[in-house]
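Asks: Following is a predicted model, sequence given first.
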Amino acid sequence: MTTYTVQQLADLVAGEVEGDASRHVSGVASVDRAGPEDVTFAVNERFVRRLESTSVGACLVPPGIQLEANGTAYIRVENPEIAFGMLLGVFHPEHRPEPGVHPTAIIGRGTRIDEGTWIGPYVTIEGESVISAGTHIGPHTHIGVDVRIGRDCKIGAGCTILHDVEVGDRVRLYTGVRLGVDGFGYTAGAEGLMRIPQVGRCIIGDDVEIAANCTVDRGALGDTVIGRGTKIDNLVHIAHNVKIGEDCIIVAQVGIAGSVVIGDGVHVGGQAGIAGHLTIGSGARIAGQSGVIGDIPAGAVYSGYPARPHRQSLRASAGTLRLPDFQRRLQELERRLEAETETE
Amino acid sequence: MTTYTVQQLADLVAGEVEGDASRHVSGVASVDRAGPEDVTFAVNERFVRRLESTSVGACLVPPGIQLEANGTAYIRVENPEIAFGMLLGVFHPEHRPEPGVHPTAIIGRGTRIDEGTWIGPYVTIEGESVISAGTHIGPHTHIGVDVRIGRDCKIGAGCTILHDVEVGDRVRLYTGVRLGVDGFGYTAGAEGLMRIPQVGRCIIGDDVEIAANCTVDRGALGDTVIGRGTKIDNLVHIAHNVKIGEDCIIVAQVGIAGSVVIGDGVHVGGQAGIAGHLTIGSGARIAGQSGVIGDIPAGAVYSGYPARPHRQSLRASAGTLRLPDFQRRLQELERRLEAETETE
Amino acid sequence: MTTYTVQQLADLVAGEVEGDASRHVSGVASVDRAGPEDVTFAVNERFVRRLESTSVGACLVPPGIQLEANGTAYIRVENPEIAFGMLLGVFHPEHRPEPGVHPTAIIGRGTRIDEGTWIGPYVTIEGESVISAGTHIGPHTHIGVDVRIGRDCKIGAGCTILHDVEVGDRVRLYTGVRLGVDGFGYTAGAEGLMRIPQVGRCIIGDDVEIAANCTVDRGALGDTVIGRGTKIDNLVHIAHNVKIGEDCIIVAQVGIAGSVVIGDGVHVGGQAGIAGHLTIGSGARIAGQSGVIGDIPAGAVYSGYPARPHRQSLRASAGTLRLPDFQRRLQELERRLEAETETE
């Protein structure tokens, strides 16, 4: 592992050194595991105080915290968490294979592969597609016809990107992700359920990340769209014609039914479900395991099943715990009124 | 894209033209997006009226609706939605590669590959299996020993069909589907949990569709069975020895535990869970996110956790919202009775 | 299928024969399906009695049950279920291909492949990894750099084991399992959400089993750890830095959020969710679909959303059914008190 001086690290994160700038650091660690050759970070005074009894090499600290000289070299930065994230990338650079198309990759005709791409072993691309510069396609990934993938994307191993899918720049698909899956569209015909052909597309914006084993359906007639910067955790299901805005956070195992429209900056907690054709306003927060069966206004915080404003859900939930007590009190009142009536 | 006259389209869907039968149409679109060269559909009077102010090329309409002559060519059909589905398939025919076995496919001995099949690149078939006529096996799919796949199936990319699985005719597995997975069977032994070998089969009926990244376990001793025509959405889990009837609809992320028996025509909403060894009667409807922990009679509508008849769940759920009010009223009653007692 | 005498089977499971030890048996079946050439098992008196009217070849029975001579050969064993599991394995031995590295497997430099391993077709191993003796890697599985896999593991088809993952001995990954996935770690930066590099490892203990399409994230800074003997069902999500103890049972579609610590012998029911940073004590039982948002003490049984001690949940849930009745009684009391007040 490479070694850096504290000054070099400070330069990388635009911070200012307080202490020994020439000290050497060779690793990154959390506050409770950092040793004399590590850099760590403290987000507030409490973390800095905890640090003082240890022998940490260097520590990123926010503005305004009083520091004691104790051998640790401090680096003042605006946001220690972000700076630490940058240093994580410096000490653990992502493994990037040399550009090239592996000889076992099968690339169908009419496909344009730009400069600086890496196409891994056993990749299959049906044809008429574009893989833009700097993009990395992992082993065993299959890409259908008429797919466009932007620049500097990282597509993991064993993904499937079906026909007519459009992927923006700097997109990451982890592994086992399925894009452009036929939506779940049937209508009752004379001989049982009849498939409605799914002819829409699936459009993934720039800087979107979709984690392992997620499934994203194509549109039925229109398109399924995931907006720029949105991050989607493992095993999430996104149905046909869903529109998700920018910078949303969708936690693991969420299910979003067909034609749902989600604004920008929405957070959806793990295992929550959103029923079809609903609208979720920008900035809304939906708690984990919520069952959303109605629209949610912008900025609102919802939870529970059926999902309601969070305070209402909390009160309802707390109330159910008092039900045995309510019953007892109700019986007592009835008994007393009965007794009174008899004595009258 | 090919162009058709309205008369040609009407012939394809067994409809009757009202208006200019020679008009040319080159695409399909929803009512709100259709232009002068598109065919769309209207399911009721309201949609037809909405259409009149636009300049749509052609529109499928149901019987009995009064039409105004406005340039649009109408095609009368029994069921416009089904007819539209057929036209979607006409304008967007499914991409079907030329039959053949890709040279990189590895086919183990004793495997019979019938006429008109397409076996994609990097497919592996262990051996002693049958792939029937007209079936399509996507890239990177793995098929174990003693598998029988029927006619005209479409098996997507990156699927796994393990040994001793039987797949009917016209079955579609989307992508990433796992069939014949060992069930979750353990018993407490002297040295921790002991695996119970799972030796049953997994039998998929004709016309079944199973969407992306679903998992279907094989039977422990008997078989796991999915009945003819049943449709299963993305990321569904079906455990060992489950029997699902015909023409059921299982929405995304549903989990069905071991040995559950489901009748015909059952609908299970997204993210619902059904506990082990239960029986769900034919025609039952289970709402999304329901937690089913008891049998459900035929035709019943259930919801909530624990799942109950839908009306009961709704009343219980509405009641919890009134709990703060109940508490207030209870206190008021107690206060008044207390006051009365004191004054007596 | 091979045939065994009842005596041979008794020897295999350390049991004692009562009846005709020379009788031949050629299959295993459940009590209700077993015929004259099958061995089955009975866990209690009721099952034995049910058997007596049938013509089963042999039956494993527990100690202490009175048997009637009726042609069936009985084998007395301590635990018939475990013994039956052993016989299942005898009659249905697992298909184990001949050791060897398939010529299409691509093995990166610095990788050590021990004796007796089987590396299937189209496997890719990036390099600097170790595959220990007796381990079986299924087709289309991808293994990153610096991965160590122990002895006698069975890694299914189409799995992804990313860099810096450590897998113990006798581990089974079914198919489509993803290990060492980047965790879901973002922080709000100036230009939207910023990825926090995930640099920890993912460590899987001996005898762990992980079923189809599960996803296990690597640690962010520290490690994600799954303890010896733990069994994980299909489609489970395990987030970064989760620590799971030994001999736990995690049923299908469970989601465990970041940094959760789970003790030994914990059972988590299907579709349950555990929120981040919580601690679940050893021996705890969490019912299916529970939403855990607080710590759970050792040995406790929890259910519901939010998860509470199971009895409390049951009472609350039952109480909600009586809410319409409560409301009626409350109104009646109010009416009567109102009437009294008026008459006073």
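Replies: Received the coordinates, thanks.

Asks: okay, A:Ala29: pLDDT?
Replies: Confidence per residue is given as pLDDT, and for A:Ala29 that number is 90.

Asks: Tell me how many other residues surround it.
Replies: By the criterion of other Cβ atoms under 10 Å in any protein chain shown, A:Ala29 has 19 neighbours. Where C-beta positions appear, they are placed from N, C-alpha and C, glycine not excepted.

Asks: wait, it sits on C:Leu221?
Replies: Yes - between A:Ala29 and C:Leu221 there is a contact at 6.6 Å, judged by Cβ atoms under 8 Å.

Asks: Show me how chain A divides into domains.
Replies: Chain A breaks down into these structural domains: A:4-91, A:100-312 (assignment by automatic domain parsing).

Asks: Redo those as a markdown table? Include distance to chain C.
Replies: Formatted as a markdown table, the entries for the domains of chain A read as follows, by distance: least, Cβ to the nearest Cβ, whole Å:
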| stretch | distance to chain C |
| --- | --- |
| domain A:4-91 | 4 |
| domain A:100-312 | 4 |
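
Asks: do you know which of those lies nearest chain B?
Replies: Comparing the domains of chain A against chain B with Cβ to the nearest Cβ, the closest turns out to be domain A:100-312 (4.0 Å).

Asks: re the thing from before, just the domains of chain A: most buried one?
Replies: Comparing those on average neighbours per residue, with mean count of other Cβ atoms under 10 Å in any protein chain shown, the densest one is domain A:100-312 at a mean of 22.

Asks: mind checking how far that domain is from the chain centre?
Replies: Taking the mean C-alpha point of domain A:100-312 and that of its whole chain, the gap between them comes to 12 Å (Cα atoms, centre = their mean, to the nearest Å).

Asks: For the one helix or strand in chain A whose mean pLDDT sits lowest, name the packing helices and strands.
Replies: Least confident element among the helices and strands of chain A, by mean pLDDT, DSSP states H and E: helix A:45-52 (a mean of 82). The contact analysis (3 or more Cβ pairs under 8 Å, 6 or more residues apart in numbering or on different chains; DSSP states H and E) places helix A:45-52 against strand A:58-61.

Asks: Can you tell me the closest non-neighbouring residue to the residue of chain A found nearest chain C?
Replies: Residue nearest to chain C within chain A: A:Leu323 (2.9 Å; Cβ to the nearest Cβ). Beyond its immediate neighbours in the sequence, the residue positioned closest to A:Leu323 (Cβ to Cβ, 6 or more residues apart in numbering or on different chains) is C:Gly319, lying 2.9 Å away.

Asks: Least confident of the domains of chain A, on average?
Replies: Lowest mean pLDDT of the domains of chain A: domain A:4-91, a mean of 91.

Asks: Give me the neighbour count for the nearest residue to A:Arg322 once chain neighbours are set aside.
Replies: What sits nearest to A:Arg322 in space, not counting adjacent residues and going by Cβ to Cβ, 6+ apart, is B:Gln327, at 7.0 Å. Burial of B:Gln327, expressed as a neighbour count using other Cβ under 10 Å, amounts to 16.

Asks: B:Gln327 and A:Gly319 touch, don't they?
Replies: Yes - with contacts defined as Cβ under 8 Å, B:Gln327 counts as touching A:Gly319 at a distance of 7.0 Å.

Asks: Confirm that the residue nearest to A:Arg322 sits in a helix.
Replies: Yes - under DSSP: H, G, I helix; E, B strand; the rest coil, B:Gln327 sits within a helix.

Asks: any residue of stretch A:192-202 up close to chain B?
Replies: Yes - using Cβ under 8 Å from any Cβ of the partner chain, stretch A:192-202 reaches chain B at A:192-197, A:199.

Asks: which of these lies closest to A:Leu88?
Replies: For the residues of stretch A:192-202 next to chain B, the closest approach to A:Leu88 (Cβ to Cβ) belongs to A:Val199, at 43.4 Å.

Asks: quick revisit: could the domains of chain A be laid out in a markdown table, adding distance to B:Gly229?
Replies: Listed next are the domains of chain A as a markdown table, based on distance: least, Cβ to Cβ, whole Å:
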| stretch | distance to B:Gly229 |
| --- | --- |
| domain A:4-91 | 51 |
| domain A:100-312 | 4 |
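
Asks: Next, the contact list for A:Val292, please.
Replies: By Cβ atoms under 8 Å, 6 or more residues apart in numbering or on different chains, the contact list for A:Val292 reads A:272-275, A:278, A:280, A:286, A:302, A:306-307.

Asks: Select, out of the domains of chain A, the one closest to C:Val251.
Replies: Between C:Val251 and the domains of chain A, the shortest separation by Cβ to Cβ is 13.8 Å, and it involves domain A:100-312.

Asks: For A:Arg315, give me the backbone phi and psi.
Replies: Geometry field for A:Arg315 lists phi and psi as phi -60, psi -40, criterion degrees, to the nearest 10.

Asks: quick one on the thing from earlier: show me the one of the domains of chain A that comes nearest C:Leu9.
Replies: Judged by Cβ to Cβ, the one of those that comes nearest to C:Leu9 is domain A:100-312, at 41.7 Å.

Asks: end-to-end on that closest one?
Replies: Distances were taken as Cα to Cα, to the nearest Å; on that basis the terminal residues of domain A:100-312 are 57 Å apart.

Asks: that older thread, show me what contacts the residue nearest to A:Arg322?
Replies: Taking Cβ under 8 Å, 6+ apart, one finds A:319, A:322, A:326 in contact with B:Gln327.

Asks: can you give me the helices in chain A?
Replies: Chain-ordered helices for chain A, with DSSP state H as the definition, fall at A:6-12, A:45-52, A:80-91, A:310-321, A:323-343.

Asks: Dump those helices to JSON lines, plus distance to C:Ile161.
Replies: Converted to JSON lines, these look like this (distance: least, Cβ to Cβ, whole Å):
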{"stretch": "helix A:6-12", "distance to C:Ile161": "32"}
{"stretch": "helix A:45-52", "distance to C:Ile161": "35"}
{"stretch": "helix A:80-91", "distance to C:Ile161": "22"}
{"stretch": "helix A:310-321", "distance to C:Ile161": "40"}
{"stretch": "helix A:323-343", "distance to C:Ile161": "49"}
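
Asks: show me what contacts the residue of chain A closest to chain C?
Replies: With contacts taken as Cβ under 8 Å, 6+ apart, A:Leu323 has the following neighbours: B:323, C:315-316, C:319-320, C:322-323.

Asks: just the angle between the least confident helix or strand of chain A and helix A:80-91, please?
Replies: Put simply, helix A:45-52 runs at 50 degrees to helix A:80-91, going by axes from the mean of the first three to the mean of the last three Cα atoms, to 10 degrees.

Asks: In PDB, list the C-alpha atoms belonging to helix A:45-52.
Replies: Output of helix A:45-52 as PDB, limited to C-alpha atoms (Å, rounded to 0.1, in the frame of the first residue of the first chain):
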ATOM      1  CA  GLU A  45     -16.300  17.300  19.100                       C
ATOM      2  CA  ARG A  46     -17.200  14.000  20.800                       C
ATOM      3  CA  PHE A  47     -15.300  12.000  18.200                       C
ATOM      4  CA  VAL A  48     -12.300  14.300  18.500                       C
ATOM      5  CA  ARG A  49     -12.200  13.900  22.300                       C
ATOM      6  CA  ARG A  50     -12.500  10.100  22.000                       C
ATOM      7  CA  LEU A  51      -9.500  10.200  19.700                       C
ATOM      8  CA  GLU A  52      -7.200  12.000  22.100                       C
END
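
Asks: Surely A:Gly245 is in contact with A:Gly229?
Replies: No - with contacts counted by Cβ under 8 Å, A:Gly245 stays clear of A:Gly229, the gap being 9.3 Å.

Asks: No further questions, thank you.
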